[in-house]
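Curious how this folds, go ahead:
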Amino acid sequence: MEGNLLCWETEKELRAAADPVLLQSRVLEELLTAQDRYLASPTYFQCVQKEIHPHMRKMLTSWMLEVCEDQRCEEEVFPLAVNCLDRFLSVAPVEKRKFQLVGATCLLLASKLKESKPVTIENLCMYSDCSITDSEMRAMELLILNKLKWDIEAVTPRDFLPHFLELLSLSANKMQQVRKHAETFIALCTTDCTFIALPASMVSAASVAAAVTGLRPQNLGLACSSMAVTNYLAKAIRCDPNILRMCQEQIELSLESNLRQAEGDRTTNSKAVEEIERASTPTDVLDFDL
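Modelled structure (predicted):
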């Protein structure tokens, strides 16, 4: 008697569970040793790029983050894509008209490495409002791989995050809270030019420290102060605690700046909508630079 084969699609894509063996100290040591190889040049805006400027990088990386969020990419995709972007910009001058093409291609490469179902070229072209074509992206993909010597499996702040959370010995629920906040800080740092030249371990440790400070150690069940957590993480990455605290403070300042900007954008957009709704004739309509 023949059996019936049933096939169905799950609502959520299945992913491999985390391997606890990878949280051993020797893995952390290997990451610390390898991270310097993937640092971008902190002076590429001055020494390499003629048409690309810091504010343009901010706009592009924010767009890349939105694409990752809309496509529900793994958390590792965005920082890896931006690492590829920065390293490419460190060695190859890019025309302004091709800047989004480079960013989209870096997303494609990172997605291929980290996702079981990568973001498609067609979708990336769609997200660019069809300003780039699939043939352009395929050609750019080969160029980026060539310039980076096909070494794109970079060490990013996201790679250190599980190790630092393990060091804190938090309960599963509290660990998830800290992870969520730290991932937000890592994404924030990734879009901010201030953190380009910093080692991935420092950005990650400072993000965890900022998350613990914001959530308050006592609420997380930690019997120590925020400063003690920062010092502990500094020791883990062999860094001066004062330098790590400065990085943490910079993250907090960057967060405040982004919140103020977001609030200002909401106020501006609200006023623009009110003006448009109030306008009754063509002569009443104002010009808005949205």
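
V67: neighbour count?
Number of residues near V67 (other Cβ atoms under 10 Å) recorded here: 23. Yep, even glycine has a C-beta here, placed from its N, CA and C like the rest.

what sits up against the helix or strand containing it?
Using DSSP states H and E, V67 maps to helix 54-70. With contact meaning Cβ atoms under 8 Å, 6 or more residues apart in numbering, helix 54-70 is reached by 45, 73, 77-78, 81-82, 85, 89, 96, 99-100, 103-104, 106-107, 119, 124, 127, 187, 190-193.

model confidence over it, on average?
For helix 54-70, the mean per-residue pLDDT is 95.

And stretch 146-156, by the same measure?
The model assigns stretch 146-156 a mean pLDDT of 95.

where exactly do the helices run in the stretch 51-200 of the chain?
Using DSSP state H, counting those that start in this stretch, the helices found in the stretch 51-200 of the chain span residues 54-70, 77-89, 99-114, 121-127, 134-147, 157-168, 172-191, 200-215.

now the angle between helix 157-168 and the longest one, please.
For helix 172-191 against helix 157-168, the angle between stretch directions is 150 degrees (axes from the mean of the first three to the mean of the last three Cα atoms, to 10 degrees).

Could you do the first one as well?
Computed with the same axes, to 10 degrees, the direction of helix 54-70 lies at 70 degrees from that of helix 157-168.

Output helix 54-70 in PDB with nothing but the alpha carbons.
Extracted in PDB, the C-alpha atoms of helix 54-70 (Å, rounded to 0.1, in the frame of the first residue of the first chain):
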ATOM      1  CA  PRO A  54      29.700  61.200   5.300                       C
ATOM      2  CA  HIS A  55      26.100  62.300   5.100                       C
ATOM      3  CA  MET A  56      25.600  60.300   2.000                       C
ATOM      4  CA  ARG A  57      26.900  57.200   3.700                       C
ATOM      5  CA  LYS A  58      24.400  57.900   6.500                       C
ATOM      6  CA  MET A  59      21.500  58.000   4.000                       C
ATOM      7  CA  LEU A  60      22.600  54.900   2.200                       C
ATOM      8  CA  THR A  61      23.200  52.800   5.300                       C
ATOM      9  CA  SER A  62      19.800  53.900   6.700                       C
ATOM     10  CA  TRP A  63      18.200  52.700   3.400                       C
ATOM     11  CA  MET A  64      20.100  49.400   3.700                       C
ATOM     12  CA  LEU A  65      18.800  48.900   7.200                       C
ATOM     13  CA  GLU A  66      15.200  49.500   6.100                       C
ATOM     14  CA  VAL A  67      15.700  46.900   3.300                       C
ATOM     15  CA  CYS A  68      17.000  44.400   5.800                       C
ATOM     16  CA  GLU A  69      14.100  45.100   8.200                       C
ATOM     17  CA  ASP A  70      11.500  44.800   5.400                       C
END
